[in-house]
Each structure stands twice: as structure tokens, then as C-alpha cells.
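Student: After the sequence you'll find the predicted model.
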Amino acid sequence: YNEYKSYLSIMQAGQLAFDEYGQPFIILKDQSTKSRLSGLEAQKSHILAARSVASCLKSSLGPKGLDKIMVSPDGDITVTNDGATILSKMDVEHQIAKLMVQLSKSQDDEIGDGTTGVVVLAGALLEQAEVLLERGIHPIRIADGYENAARVAVEHLDKIAEDFPVDKANTEPLIETALTTLGSKIVNRCGRKFAEMAVDAILSVADLERKDVSFDLIKIECKTGGRLEDSQLVKGVIIDKTMSHSQMPKELTDVKMAILTCAFEPPKPKTKHNLNVGSVEDYEKLHAYEQECFIDMIKKIKDSGATLAICQWGFDDEANHLCVQNDLPAVRWVGGPEIELIAIATGGRIVPRFSELSSDKLGTASRVREIGFGTTKDRMLVIEDCQNTRAVTMFLRGSNQMIVQEAKRSVWDAMCVIRNLVRDSRIVYGGGSNEIACAVAVNEQADKIPTIEQYAMRAFADALESVPMALAENSGLHPFSTLAEVKSRQIKEKNPRLGIDCMDKGTCDMKEQHVIETLIGKKQQIMLATQLVRMILKIDDVRSPGESE
């Protein structure tokens, strides 16, 4: 049986034939339609693909980085300079280029910021590796040298890092950190306001004792038609709904709300059914039964002490009319995530059946009001001053959908940076200063290495310097002379805070410019880029189904 199975597998792979001596050999199928890359040729192909992706993002790095327009197959337009967003919208086919996309996504998922820098660094590392491969150095030796250099760089970051206490009484340092993140975004003209909103939102939901931040308590709501300056942070919940009837009050105070996930309609059989109405009396009986059910539901809500009903499902005009008659304001078709956030914010319980409704399951809020926008009839519902003050909503405005969506991504990045500071309060200074300092430290360590890995370590140092060079180039400065000047000053003055003066403020000291990056984010950048490059260098053979002639 085993011999038969092996024979079948051989026949599936190709055709069995015999030579003139009777020795069997296999003719593999479809070899003419398959492509194969191996050895140095494969590695160069991978490096070229990764460098192509990195070169797309290099011009978006820094406070004066340029934006990209991404057009989807449906014609939807996205304008952004966020690395993770650009790569996720790109139509990438090459296998290694897809790994670069996943690298950026990993940085975005874990840290939330630095998605462009990590791809630029990985591209520079591969570019330097190509030179070493052409010299005949084995890829594993290059990868080992990169690992050693990354370890030296991370240890040096720990040495030059400064502690940055997170204090609710003094938020100015946190705002300055958020401003660094927002400096390269489209919202930087009102960056101060957005930075304050991001810091207030994180500190509202942060548990500083456990060093934990729950993003579930932060809702970001967007609305086009206003200015960026009209954006605000609401200590409560905003939902894109209105009162179910135009005659219901538009503002309520001292609200007790019933949060319902049960249908506001008469009960129906679970199985398929037919209802035949044969006379006027039958119809009137059915109508009376429906009225009785609706009135009973409204009575249960009123008896519990609720002054507002929030329902996940809809209800028809009959029930809506009865709610108005019985002075019970109601909101219908509220989504599941919003229902959960309202329950958390107001301290209420989600009620699945009318029979389970009681006064202790009601949520409370000081005020519920409708807000309108300009000359349009668009209205939204704001639930303010809730029992649980930790739940907040960031309400973003903008002239069009592209700006609003980019503002949403920018604020998200800023909040992630503040979250990282709550988790680990150590910081390093930006503007390429920490990359230059690490490059100097790696070069010094490479001089002490007797083996061939020293070449890879020096290549790693050169790759680190590609980040400040890209910053200088994007700021309109001469990249080589600017980098050489800052690097010589760092070595001479032993000051790791000196970086690229992208904003022409007259000083290269990033501490004076308040350009701050989180230590945890910078370490993650170096480690993720090094791990990906190591994996790419270890691939020397690619077999893929090609096109038939």
C-alpha cells in the first residue's frame, strides 16, 4: 500500500521514464511555465522590491514631508502621509514588498507612530546589504552583524533616554510630545488644539497605577462641513442619531435612560406563519392588540423611572406616536458598539427584555441634547456629563471627507504616542538626533570587532544615518553637508540631542525645539526593521508559477 502511495505521488509530480540502462527518472510537469530565482540574483530582486517601497515613503518623512494621493479601484481618494495608510492602500504584488507592508502594519498596531521611519530604515539596511553581498560576504554573516549592531543601538538608546513623568497636573510636556507627532500631519496648523484634545482624552481614560489605557472608552466621531478648529473633545458620547419624532424635546436634563436591545414591536412566532384578516372586526382586534402591546411596553419603561429610551432596533410610526403621547423621548437604530459605549458611560445595563427592566439598570446623564450643523438638516445626539466621566468622544470637523479622515488618523497617532508614554515614560529626542547618536555608538563598537561582522555593523550605522539625511532632504537642506555638520558637533560636544533643524528655528538642539519621541517606539522601529531584513537576507531561492508561453 505504501509503495502504491509513493507511486501515485510520483505520477502526480511528473512522468516516470527509464534511460537506456533501465534506470528510472522523473520528468517533472510544467517546468517551462514556472519561474525560479536563486542565489545572489534572488537576493538582489528582493532588495530592489523593498527599496522601491521604501523610496515611495522616504519623501513623506518628517515635518515637511509630502503627502500622497491614493486612488482606490472604486475611485475613492485618500490623501495622507501616514506610512501605514499609504502601504495598506498600495496595490503590491511582489512577495517581499508585501513583507514591507506588514512591517509598517506591525509598527502601527504595536506603537501607532513611526510607520514611515521603520520602512525607510529597513530599505536603507537592505541597500547597504546589497553592497556587502556584491563583495562576497555571506548573507548570514551580514544578518549576524546587523543583529549585533541593533543590540548596541538599543542599549545606547537606553543610555541617552530621559525619564518623562506623566502627571495630570502638568500636561505641557505631554502636549509637546503630541505636537511632535502632529508636526508632519495635515492638521499641524491647529496642532496645539489637537494635541491638547489627544492628551485630555488619554488622561481621562488612563489608569496611571496599572499604566494602562483603554481605547474602548474613546470614540472618534467625524462630520464634514466645518473647520478643523471646530473640532472638540466631549466628556460623554456623541451618536449620529436624532430623536425618533420631530415633536420630542431636543434637550433633556437629569436623564435616566433605558438601554434596550429588544424589539419595540408586538411578539411574533419564531416559525413561518400566515395571518389572514377576513373582516373589519378582525383587523380592529389586531390593531387593538398591537396598541395594547405598545402601551404595555411604554408603561414598563415609564414605571422603571426612565425618561429616555435608547433602542438598538427600530419601531414603526404607531409606536413612535404612542411614545410622543406618553411623553417618552426615544432614539432608535443605535448601533451595537455605540449601545455598549453609552452603557459604559452612563453606568447603565443593556436590557434584552422588557420584563427585565428595572430602575437599577438605568443609565444616568446630566444632559442629552441635539446639535445641528449649518444650513443642512444633519443633527447628532450628545450625551454629556455621564456617571462614568472616563468615557469621552473626539468630535472632528473638516471641510471635506479627506481632511476629516486624515485628521482622524493624525489624532489616533497622537493618542498612541501618549498611551506609550503612560506605559513607558522614557523618551529620546527626535529630528534624527538619536539615529546619529546610535550610528556613532555602533561605529565605535565595530572597531572592537575582529571578525567580518564589523563590515555589517558599519553598514548598519550608515543605514541609521539615512533617516536624518531624508529629514534634511525633505526640508530643503543639503543632506550630506547638514548630516556631516550635525554628526561632527555630536561627537565634539558629546551631545546626543543634536539633530536636523527641519523648521529653521536656528538651533539643532532638539530639547530646545521640544522635538520628542518615545523610547519604546524608537526601539521597536530598530528591532522590527532588523528582524525583517534578517529574514529577507536568508531567502536565496524563489519558485513561482510563471506564465505559459
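Tutor: Yep, that arrived. Here the structure is a predicted model, which means the values were calculated and not measured.
Student: Next, work out how far apart Asn148 and Lys487 are.
Tutor: 21 Å (CB to CB, to the nearest Å). In this view, the C-beta of every residue, glycine as well, is placed from N, C-alpha and C.
Student: Give me the more crowded residue out of the two.
Tutor: Neighbour comparison, Asn148 and Lys487: the larger count goes to Asn148, with 21 against 18 (by other CB atoms under 10 Å).
Student: so that one, which of the three states?
Tutor: helix (DSSP: H, G, I helix; E, B strand; the rest coil).
Student: close enough to count as contact, it and Ile452?
Tutor: No. In this structure, Asn148 is not within contact of Ile452 by CB atoms under 8 Å, at 11.7 Å.
Student: Name the residues contacting each of these two.
Tutor: Among the neighbours of Asn148, none is also in contact with Ile452 (CB atoms under 8 Å, 6 or more residues apart in numbering).
Student: Can you show me the helices along the stretch 401-549 of the chain?
Tutor: Secondary structure of the stretch 401-549 of the chain (DSSP state H, counting those that start in this stretch): helices located at 401-423, 433-446, 453-464, 466-474, 479-493, 510-513, 519-537.
Student: Quick one: those as CSV, columns for mean pLDDT and distance to Arg135 too.
Tutor: Formatted as CSV, these follow (pLDDT from 0 to 100; distance: least, CB to CB, whole Å):
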stretch, mean pLDDT, distance to Arg135
helix 401-423, 86, 39
helix 433-446, 90, 16
helix 453-464, 91, 8
helix 466-474, 89, 20
helix 479-493, 88, 23
helix 510-513, 84, 36
helix 519-537, 89, 14
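Student: As JSON lines, those helices with distance to Glu340 would be great.
Tutor: Listed next are these as JSON lines, based on distance: least, CB to CB, whole Å:
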{"stretch": "helix 401-423", "distance to Glu340": "20"}
{"stretch": "helix 433-446", "distance to Glu340": "41"}
{"stretch": "helix 453-464", "distance to Glu340": "45"}
{"stretch": "helix 466-474", "distance to Glu340": "41"}
{"stretch": "helix 479-493", "distance to Glu340": "50"}
{"stretch": "helix 510-513", "distance to Glu340": "42"}
{"stretch": "helix 519-537", "distance to Glu340": "30"}
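Student: Out of those helices, which is closest to Leu132?
Tutor: helix 453-464 (5.9 Å; CB to CB).
Student: And that closest one, how far out from the chain middle?
Tutor: 31 Å (CA atoms, centre = their mean, to the nearest Å).
Student: Could you tell me the angle between that helix and helix 433-446?
Tutor: Relative orientation of helix 453-464 and helix 433-446, computed by axes from the mean of the first three to the mean of the last three CA atoms, to 10 degrees: 170 degrees.
Student: For helix 453-464, which outside residues touch it?
Tutor: 121, 124-125, 127-129, 131-132, 135, 137, 141-146, 148-150, 152-153, 435-436, 438-440, 442-443, 445-447, 449.
Student: Dump stretch 380-398 to PDB, restricted to CA.
Tutor: The C-alpha trace of stretch 380-398 is given here as PDB (Å, rounded to 0.1, in the frame of the first residue of the first chain):
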ATOM      1  CA  MET A 380     -26.500  64.500  16.100                       C
ATOM      2  CA  LEU A 381     -27.200  63.500  19.700                       C
ATOM      3  CA  VAL A 382     -24.800  64.400  22.500                       C
ATOM      4  CA  ILE A 383     -24.900  62.600  25.900                       C
ATOM      5  CA  GLU A 384     -22.900  64.800  28.300                       C
ATOM      6  CA  ASP A 385     -21.800  64.700  32.000                       C
ATOM      7  CA  CYS A 386     -22.300  61.000  32.300                       C
ATOM      8  CA  GLN A 387     -21.900  59.000  35.500                       C
ATOM      9  CA  ASN A 388     -18.700  57.400  34.300                       C
ATOM     10  CA  THR A 389     -16.600  60.500  33.300                       C
ATOM     11  CA  ARG A 390     -13.900  58.300  31.800                       C
ATOM     12  CA  ALA A 391     -15.800  57.800  28.500                       C
ATOM     13  CA  VAL A 392     -15.000  60.600  26.000                       C
ATOM     14  CA  THR A 393     -15.700  61.300  22.300                       C
ATOM     15  CA  MET A 394     -13.500  63.300  20.000                       C
ATOM     16  CA  PHE A 395     -15.700  65.200  17.600                       C
ATOM     17  CA  LEU A 396     -13.700  66.100  14.400                       C
ATOM     18  CA  ARG A 397     -14.800  68.600  11.800                       C
ATOM     19  CA  GLY A 398     -13.300  69.400   8.400                       C
END
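Student: Quick check on Leu233: phi, psi?
Tutor: phi -100, psi 120 (degrees, to the nearest 10).
Student: count of neighbours near it?
Tutor: If we define neighbours as other CB under 10 Å, then Leu233 has 20 of them.
Student: can you tell me how far it sits from Met415?
Tutor: 11 Å.
Student: Which residues are in contact with each of the two?
Tutor: Ala201.
Student: if we can go back for a sec, now a ChimeraX select for only the buried ones of the contacts of helix 453-464.
Tutor: Buried subset of these, written as a ChimeraX selection, criterion 16 or more other CB atoms under 10 Å:
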select :121,124,125,127,128,129,132,137,141,142,143,144,145,146,148,149,150,152,153,435,436,438,439,440,442,443,445,446,449
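Student: For Arg409, list the residues it contacts.
Tutor: By CB under 8 Å, 6+ apart, the neighbours of Arg409 are Thr80, Asp82, Thr85, Lys185.
Student: Distance-wise, check the residue nearest to the second one when sequence neighbours are not counted relative to Ile186.
Tutor: Counting by CB to CB, 6 or more residues apart in numbering, the nearest residue to Asp82 once its immediate chain neighbours are dropped is Arg409, at 5.2 Å. Taking CB to CB as the measure, Arg409 falls 9 Å from Ile186.
Student: ok so, going back, so which of the contacts of Arg409 is surrounded by the most neighbours?
Tutor: Counting by other CB under 10 Å, top hit in the contacts of Arg409: Asp82 with 26 neighbours.
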